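In: Generate a structure from the sequence data that follows.
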Amino acid sequence: MITAAPAFAGVAMLINMAPGPDTLLVVRTSVAQGRPEGLAAALGIVTGCVGWGIATAVGLTAVLTASHLAYDTLRICGAAYLVHLGATALWRSRRPAGPEPSERTTGPAGRMAAFRRGMGTNLLNPKAGVFYMSLIPQFVPHGAQMFGTTLLFTAIDVIELAAWYWLLSGAATALGERIRRPAFRRRLEQVTGVAFLGFGASLLTDRAQPMG
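Out: Numbering: from 1, shown residues only. The predicted structure follows:
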């Protein structure tokens, strides 16, 4: 376990830092709405990861790799959600320019909405579940207790992910504060909208299960 935990931490950190819909959501929310909302989105994503980790520990994620129906159902729902996020961002980019974006929702309501978007983006992505199901067992030492070790590795991944999103949200917020031009906000919505649509299309066309 002394060597397994650091090895897992290193691999998980590289995967966590790779661009994806979760990362895109944190950046977009931080720039467009502010750091509290960006961190709320990150918290939603981390909460989803905790859920996937617990599901892996009790064996529920094995359903995704054993059942094409379960995997495809979640895949289609996740793709539809990402397409919805992308279409919404593109629609917002068509709004008239103003001193502040009309969709800038802050306060408790804005943070709760951001949290729900983050958790939805993560939990509706079957690849997140397969990530835990496929990666963690590779680092569990021979003879180690699977349930406890899985929860330990989940905790390591969640801590790393929270730290990464904390830094990413801070950098994105600073960028948003320096560039307040409405044109920049609209372009951000356009870029993120197209990216979300791309992630949704990729998930929708990914019919092959990584395992099984």
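
In: Show me which helix or strand of this structure is least confident by mean pLDDT.
Out: One helix or strand of the chain scores below all others by mean pLDDT, DSSP states H and E: helix 62-66, with a mean of 68.

In: So, low pLDDT: which residues of the chain?
Out: Applying pLDDT under 70 to the chain flags the ranges 1-2, 62, 64-66, 95-106, 179-181, 207-212.

In: Now do the helices in it.
Out: Along the chain, the segments classed as helices by DSSP state H run 4-17, 21-33, 35-57, 62-66, 68-92, 107-123, 126-139, 146-178, 182-205.

In: Take the ones you listed and lay them out in CSV including mean neighbour count.
Out: Backbone N, C-alpha and C define where each C-beta goes, glycine included. Shown next, in CSV, are the helices of the chain (neighbours: other C-beta atoms under 10 Å):
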stretch, mean neighbour count
helix 4-17, 15
helix 21-33, 24
helix 35-57, 22
helix 62-66, 17
helix 68-92, 18
helix 107-123, 19
helix 126-139, 20
helix 146-178, 17
helix 182-205, 18
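
In: tell me the residue furthest from the middle of this structure?
Out: residue 143 (32.2 Å; C-alpha atoms, centre = their mean).

In: For that one, give its distance to residue 11.
Out: To residue 11, residue 143 is 21 Å away according to C-beta to C-beta, to the nearest Å.

In: Could you do residue 206 as well?
Out: Residue 206 is 22 Å from residue 11, by C-beta to C-beta.

In: same thing with residue 173?
Out: Per C-beta to C-beta, residue 173 is found 29 Å from residue 11.

In: Make sure residue 81 is actually in contact with residue 119.
Out: No: using C-beta atoms under 8 Å, residue 81 is not in contact with residue 119, being 11.0 Å away.

In: Could I get the contacting residues of residue 147?
Out: 57, 58 (C-beta atoms under 8 Å, 6 or more residues apart in numbering).

In: next one: residue 83
Out: 196, 197, 200, 201, 204.

In: so can I have CSV of those residues showing distance to residue 134?
Out: As requested, those are exported to CSV (distance: C-beta to C-beta, whole Å):
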residue, distance to residue 134
196, 25
197, 27
200, 22
201, 23
204, 21
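
In: closest to residue 26 among those residues?
Out: Distance to residue 26 across the contacts of residue 83 (C-beta to C-beta) is lowest for residue 196, with 12.9 Å.

In: mind checking how far that closest one is from residue 36?
Out: For residue 196, the distance to residue 36 - C-beta to C-beta - is 22 Å.

In: Nearest residue to the middle of this protein?
Out: Central residue of the chain (C-alpha atoms, centre = their mean): residue 22, at 2.5 Å.

In: thought that residue was touching residue 121?
Out: Yes: Residue 22 lies in contact with residue 121 (C-beta under 8 Å); the separation is 5.8 Å.

In: Between those two, which contacts overlap?
Out: With C-beta under 8 Å, 6+ apart as the test, residue 22 and residue 121 both reach residue 45.

In: about what we covered before: contacting residues for the residue nearest to the residue nearest to the centre of the chain when sequence neighbours are not counted?
Out: Once flanking residues are discounted, residue 22 sits nearest to residue 45: 4.8 Å by C-beta to C-beta, 6 or more residues apart in numbering. When contacts are counted by C-beta under 8 Å, 6+ apart, residue 45 touches 22, 25, 26, 118, 119, 121, 122, 161, 165.
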